[in-house]
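[1] Sequence first, then the predicted structure, then my questions.
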Amino acid sequence: MSKISQMIELVKAGDYLGFMVMILSTCFVVFCCLPIHEMAHGLIAYKCGDDTAKLKGRLTINPFAHLDIIGTIMIFLFGIGYANPVPVNPARLKHPRRDMALIALAGPVSNLLMGFVSVFIYYIIAAVSSSPVGNALAYFFSYAAQINVMLAVFNLLPIPPLDGSKIFSSILPDKIYFKIMKYDRYIMIGLMVILFTGLLNVPIAWLSSKMLDLISIIPRLIFG
């Protein structure tokens with residue numbers, strides 16, 4: 001079920017608190033988690049020798065330096081999307097192929113870390129409070145964790161221009177990589193069509209569920 005469908009169902013059921021929590025947690029991801037995701041790319045690029053992101057003012061958590069209008073709309077409609085990619089100059093990297101993979105991996109890893117923190121906060125709140133406010137906050141962080149994990153899983157797909165394609169390209173011969181990248185724009189359009197039709201919903205949801213279970217192991221051990 002798409003994000004917009006979930007929101008409509010919540011309103012139809014009269015669950016206005018759930019609707020508001022979903023809106024607020026999505027805003028949290030858009031205005032906090034996506035900027036951190038992009039800043040992570042830029043920070044690792046800077047550590048690897050490329051200061052392009054720093055010169056462009058992208059080593060910041062200011063959301064307006066990172067957000068992409070289409071990617072943001074996708075977050076609200078489908079629950080997964082993207083921000084404006086951080087510019088990287090491979091010529092400035094110390095070890096271009098390896099460093100590009102590390103830079104690409106940094107974004108999804110940041111989302112998984114934020115998902116882990118959100119899960120941890122959820123378990124803390126659930127353990128200490130059963131009030132309506134506590135339940136709303138627990139729901140907020142639970143949903144924020146789910147979206148962060150979905151963002152990580154989505155971005156790790158080996159489909160251009162997602163981060164997973166850059167990680168995968170580090171093991172591909174240059175000839176094959178550049179041949180694929182020639183069709184980057186068309187592949188992205190195809191990806192958006194697939195997302196709109198919901199064909200990726202089941203595999204992404206399944207992978208996200210498994211990843212969420214994995215990052216929840218430690219909080220579950222601590223809080224039961």
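    Received the coordinates, thanks.
[2] for the residue most central in space within the chain, what are its contacts?
    Taking Cα atoms, centre = their mean, the centroid of the chain lies closest to Leu151, which sits 2.6 Å from it. By Cβ atoms under 8 Å, 6 or more residues apart in numbering, the contact list for Leu151 reads Val29, Cys33, Leu34, His37, Ile80, Gly81, Pro108, Asn111. The way it works is simple: take the backbone N, C-alpha and C, and place the C-beta from them, glycine included.
[3] For Pro132, state which of the residues you listed is nearest.
    Val29 (23.3 Å; Cβ to Cβ).
[4] Next, find the distance separating Val21 from Tyr143.
    6 Å (Cβ to Cβ, to the nearest Å).
[5] now do Asn62
    Taken as Cβ to Cβ, the span from Asn62 to Tyr143 is 24 Å.
[6] more crowded one of these two?
    Tyr143 (21 against 12; other Cβ atoms under 10 Å).
[7] helix, strand or coil for that one?
    For Tyr143, the assignment made with DSSP: H, G, I helix; E, B strand; the rest coil gives helix.
[8] so the closest residue to it other than its chain neighbours is in which element?
    Excluding the flanking residues, the one nearest Tyr143 by Cβ to Cβ, 6 or more residues apart in numbering is Ser25, at 4.2 Å. Taking DSSP states H and E as the criterion, Ser25 maps to helix 16-28.
[9] That helix packs against which elements?
    Using 3 or more Cβ pairs under 8 Å, 6 or more residues apart in numbering; DSSP states H and E, the elements in contact with helix 16-28 are helix 3-12, helix 132-155.
[10] Tabulate the ones you listed (a markdown table), appending distance to Ile103 and mean pLDDT.
    Formatted as a markdown table, the helices and strands packed on helix 16-28 follow (distance: least, Cβ to Cβ, whole Å; pLDDT from 0 to 100):
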| stretch | distance to Ile103 | mean pLDDT |
| --- | --- | --- |
| helix 3-12 | 28 | 82 |
| helix 132-155 | 12 | 89 |
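[11] Buried deepest among these, which one?
    The highest mean neighbour count among the helices and strands packed on helix 16-28, using mean count of other Cβ atoms under 10 Å, belongs to helix 132-155: a mean of 21.
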